[in-house]
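Peer 1: sequence unknown, structure follows:
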Ligand code: CAA
């Protein structure tokens, strides 16, 4: 597929998707979201790719769903097309690890897509928010749920009810982002992190992701049991033998994703 609103690059096990609609601050219109879905399917199916990165531009990661495109939609239309599901949820269903690298605005659907990724690394200019309330709507791609799980009720209410933005420092303090670096260093940090992960065993990375995500879906007892069974199953992989042999032999492991 030829992309117009995103770029897709692949290098040494890492697939980088860059939103490329700068004039509209990467507003997530239907075409962009379709292209995102298609790029994610490509990376999911490509056995040479172990880790994905989702990023935007200097001024915006993404300033939300496209307001101009959706402003005249009627309720039956939104309901019948299950608006803000198709394409969008592909990010949360992506099975390989995916990192969001955020500079500038990550608002509304932009913040929601970033939160669907496994973790967010932010440049110091990043601004996160759920401004939907200022448009007479509420978040529709998981904002009220994922933000609350990430930062707790007080800040989630504060952001969703006032529409105010949170800067990178506040977002890190609140637990929304895993690290903050200078804008200049953002992509280097994100790619270094992705490359480090791409040297691990892919099935084991995927199991670790699945286990952490389970924490949001279940009780502690069930979650710990799920983790225990996955942990035990790693002993059926060649990569577990390789990882532990390499440690004992004081060398770097060479994982084969088997
Ligand atoms: N949809 C459509 N177009 C958008 C957009 C959006 N979400 N955000 C920005 N743009 C467009 C602007 O209309 C403008 O286009 P023109 O040059 O053609 O006028 C261009 O991008 C540049 O934007 P601004 O001139 O507004 O830039 P700014 O620096 O003055 O302000 C901003 C930046 C504060 C991010 C402002 O653009 C803004 O408030 N954007 C909307 C943010 C928002 O409300 N997002 C939530 C959308 S709803 C949603 O996402 C629902 C959901 O849960 C999925």
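Peer 2: That came through fine. In this text the structure is predicted, and so the values were computed from the model without any measurement.
Peer 1: helices of the protein, start to end?
Peer 2: With DSSP state H as the criterion, the chain has helices at 30-45, 67-70, 75-80, 89-93, 109-116, 143-151, 153-162, 168-174, 186-198, 202-214, 220-234, 238-248.
Peer 1: deepest in the core, which of these is it.
Peer 2: Sort the helices of the chain by mean neighbour count, taking mean count of other Cβ atoms under 10 Å, and helix 109-116 sits at the top with a mean of 28. Every C-beta, even on glycine, is put in place using the N, C-alpha and C of the backbone.
Peer 1: and it, how far from the chain's centre?
Peer 2: 7 Å (Cα atoms, centre = their mean, to the nearest Å).
Peer 1: then stretch 97-109?
Peer 2: Distance, centroid of stretch 97-109 to centroid of chain: 7 Å (Cα atoms, centre = their mean).
Peer 1: tell me if that stretch is near the ligand.
Peer 2: Yes: Stretch 97-109 reaches the ligand (Cβ under 6 Å from any ligand atom) through 105, 107, 108, 109.
Peer 1: export the helices of the chain as a markdown table, with columns for mean pLDDT.
Peer 2: Shown next, in a markdown table, are those (pLDDT from 0 to 100):
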| stretch | mean pLDDT |
| --- | --- |
| helix 30-45 | 97 |
| helix 67-70 | 98 |
| helix 75-80 | 97 |
| helix 89-93 | 95 |
| helix 109-116 | 98 |
| helix 143-151 | 98 |
| helix 153-162 | 98 |
| helix 168-174 | 98 |
| helix 186-198 | 98 |
| helix 202-214 | 98 |
| helix 220-234 | 98 |
| helix 238-248 | 98 |
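Peer 1: contacting residues for the nearest residue to residue 29 once chain neighbours are set aside?
Peer 2: In space, and not counting its chain neighbours, residue 29 is closest to residue 66: 3.9 Å by Cβ to Cβ, 6 or more residues apart in numbering. Contacts for residue 66 were tallied using Cβ atoms under 8 Å, 6 or more residues apart in numbering; they are 24, 27, 28, 29, 30, 32.
Peer 1: ok, residue 66 to the ligand distance?
Peer 2: 4 Å (Cβ to the nearest ligand atom, to the nearest Å).
Peer 1: can you check residue 53 too?
Peer 2: From residue 53 over to the ligand (counting by Cβ to the nearest ligand atom), the distance is 21 Å.
Peer 1: the residue nearest to that residue when sequence neighbours are not counted - how many residues pack around it?
Peer 2: Computed as Cβ to Cβ, 6+ apart, the closest residue to residue 53 that is not its neighbour in sequence is residue 16, at 4.5 Å. Counted with other Cβ atoms under 10 Å, residues neighbouring residue 16 total 22.
Peer 1: bridging residues for residue 16?
Peer 2: Residue 16 has the following beta-bridge partners by DSSP bridges: residue 9, residue 53.
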